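In: Following is a predicted model, sequence given first.
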Amino acid sequence: MRKAKMATSAALLLLSVPSVRAFGNLPSECARDEAELTSDRLHTLSEYDVAFRAEHFRGGATSFNLDSFTSQLSPFFAPEASLIVPQGIGVYKGIVDAAEYLAGTFVSVNVGQALTDKAINTSLAIDGDVFTLFGVNPVTIFPLVTQAVQLYPRMEIVVTFVPCDSQMKTYRFVQTPGYETAIRHSAWTATRSTYQGMFDVCAYHEAYCTGEYKQYVSFASCLDYLTALPDVPVGCPWSPFGGSSKPCKNKHKHLVPFALKHCFHIGPETLPDGTPNYDPDGNLKCSDATECPLQSSQQTDFVLGEPTAEFIAAANAYDAYSTPPSLLYARPHPPHLHDMNKHMHMHMHMHMHMHMHMHMHMHMHMHMHMHMHMHMHMHICTCTCTCTCT
């Protein structure tokens, strides 16, 4: 089977794909020939990227609708598709679970924890049903403050398509050094930040987890329990977002406003009688017993380590900016974040407009792209806001 590796010059993955391709052998029973099927699969990846970015840059958590986003993904993924993300982020089976994970990466949902920009320096390798995407994904940690931390992790994503079909069967992130760096900063956020850490988890619980979804008798009892959790799970320290740990709780917090089953995931691991605290689907999350075995094959020498001075400065700035007048506030729009969100919405709207324009005019010379990017950058910097201009 021959492999093809193709360089792409567009800023977003797969918006521009060279016409020179090589194909592996496909089963003879496929209704489409190799060229047609590969073209359809490239179209799937491109349209998925457009749908994802449209939601990513929409802005405003109140506008996000999980059911709607799930419906947008359905043309691209097989019904039982798997999204695989290492270091405890999870194995998500089915479109609904995959949509939940992807939503957590939206700045409108994670309330300014991180903003992933458009991929650069991208390339694509094709080997039969397997398409491997390479690129650098700029990530801004705490993008709403001037002390934001900018990362440029080199990423690798392996997509396997359903045989003879253009729908994705698996979508797997590879644990590259750049990926580990991004994970490390995200884990530090859960263990060091106030308004992106355990205090915030308890604030979400107070605001959303009521009635049958209530997990703690008080804000204080919630904070006592969560702050006593380890920074990484004892059973699988190489997977900070899996098992009983602060990062795992913070991971589930962001989806609480959109799917209340996550209230159980930010709750205690066991009920007062000692039995497991299963969610309505019968799952036990943030537990070493159930999640660490899933990470055993991914064991590495990953060490969380201590946060850098740069990260501490960014976390402190974010916490100072986000401080509300009381403990009980309705995230994801606490009072001090409201005006900031309007500026972020403006920034993201302009960014999305530029992306759509580039998508329509992929043949434009790179010099024009650089000119447009510089123009947008200078325009945003003139606004009176505290967001980081990148």
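Out: That came through, no problem. Residues are numbered from 1 along each chain as shown.
In: pull the CA atoms of stretch 240-253 into PDB?
Out: Output of stretch 240-253 as PDB, limited to C-alpha atoms (Å, rounded to 0.1, in the frame of the first residue of the first chain):
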ATOM      1  CA  PRO A 240      -3.900  14.000  34.900                       C
ATOM      2  CA  PHE A 241      -7.400  14.400  33.500                       C
ATOM      3  CA  GLY A 242      -8.400  10.800  34.200                       C
ATOM      4  CA  GLY A 243      -9.100   9.300  37.700                       C
ATOM      5  CA  SER A 244      -9.600  11.100  41.000                       C
ATOM      6  CA  SER A 245      -8.000  14.500  40.500                       C
ATOM      7  CA  LYS A 246      -8.600  18.200  40.300                       C
ATOM      8  CA  PRO A 247      -8.100  18.400  36.500                       C
ATOM      9  CA  CYS A 248     -10.700  15.700  36.000                       C
ATOM     10  CA  LYS A 249     -13.300  17.700  38.000                       C
ATOM     11  CA  ASN A 250     -12.400  20.900  36.100                       C
ATOM     12  CA  LYS A 251     -12.800  19.000  32.800                       C
ATOM     13  CA  HIS A 252     -16.400  18.100  33.600                       C
ATOM     14  CA  LYS A 253     -17.300  21.400  35.100                       C
END
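In: Can you give the distance of it from its chain's centre?
Out: Stretch 240-253 sits 14 Å away from the centroid of its parent chain (C-alpha atoms, centre = their mean, to the nearest Å).
In: do stretch 189-204 as well
Out: For stretch 189-204, the distance to the chain centre is 17 Å (C-alpha atoms, centre = their mean).
In: pLDDT below threshold where in this protein?
Out: For the chain, the stretches flagged by pLDDT under 70 are 1-28, 58-63, 324-390.
In: Packing partners of whichever strand or helix holds Ala317?
Out: Assigned by DSSP states H and E, Ala317 belongs to helix 309-322. The contact analysis (3 or more C-beta pairs under 8 Å, 6 or more residues apart in numbering; DSSP states H and E) places helix 309-322 against strand 149-151, helix 177-192, helix 335-360. Every residue, glycine included, has its C-beta placed from N, CA and C.
In: in that helix, what counts as buried?
Out: Buried residues in helix 309-322, counted by 16 or more other C-beta atoms under 10 Å: 311, 313-319, 321-322.
In: wait, which of those is closest to Ala220?
Out: Each of the buried residues of helix 309-322 was checked against Ala220 using C-beta to C-beta; the closest is Asp319, at 19.4 Å.
In: need the contact list for the closest residue to the closest one other than its chain neighbours.
Out: Closest residue to Asp319 apart from its sequence neighbours, by C-beta to C-beta, 6 or more residues apart in numbering: Thr194 at 4.4 Å. By C-beta atoms under 8 Å, 6 or more residues apart in numbering, the contact list for Thr194 reads 200, 319, 322.
In: Can you tell me how far Thr194 is from Tyr171?
Out: 33 Å (C-beta to C-beta, to the nearest Å).
In: Would you map out the domains in this structure?
Out: Residue ranges for each domain of the chain read 4-185, 187-336, as given by automatic domain parsing.
In: about what we covered before: would you turn the contacts of Thr194 into CSV with distance to Gln113?
Out: What follows is the contacts of Thr194, written out as CSV (distance: C-beta to C-beta, whole Å):
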residue, distance to Gln113
Asp200, 10
Asp319, 12
Ser322, 11
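In: ok, so of those, who is nearest Lys253?
Out: Distances from Lys253 to those, taken as C-beta to C-beta, are shortest for Asp200 (6.7 Å).
In: I'd like to know how far the closest one sits from Val217.
Out: Distance of Asp200 to Val217, computed by C-beta to C-beta: 19 Å.
In: And these two? Which one has more around it.
Out: The neighbour count for Asp200 versus Val217, taken as other C-beta atoms under 10 Å, is higher for Asp200 (27 against 8).
In: and the gap between that one and Pro237?
Out: Going from Asp200 to Pro237 by C-beta to C-beta gives 23 Å.
In: show me the contacts for the residue nearest the centre of the chain.
Out: Centrality entry for the chain: nearest residue to the mean C-alpha point is Thr105, 2.6 Å, by C-alpha atoms, centre = their mean. Thr105 makes contacts with 56, 114, 116, as judged by C-beta under 8 Å, 6+ apart.
In: So which residues of the stretch 151-300 of the chain form strands?
Out: With strands called from DSSP state E, counting those that start in this stretch, the stretch 151-300 of the chain shows them at 154-161, 168-173.
In: where does Thr132 fall, helix, sheet strand or coil?
Out: strand (DSSP: H, G, I helix; E, B strand; the rest coil).
In: same question, Ser123
Out: Once three-state DSSP is applied, Ser123 turns out strand.
In: Report how many residues lie close to it.
Out: Number of residues near Ser123 (other C-beta under 10 Å) recorded here: 14.
In: Over to the one 3 residues further on?
Out: Residue neighbour count, defined by other C-beta under 10 Å, stands at 20 for Ile126.
In: Hmm, Thr122 is touching Phe134, no?
Out: Yes: taking C-beta atoms under 8 Å as the definition, Thr122 is a contact partner of Phe134 at 6.5 Å.
In: can I assume Phe161 is in contact with Gln167?
Out: Yes: the criterion here is C-beta under 8 Å, and Phe161 meets it with Gln167 at 6.7 Å.
In: Common neighbours of these two, please.
Out: Thr44.
In: Keep only those of the contacts of Thr105 that are in helices.
Out: His56 (DSSP state H).
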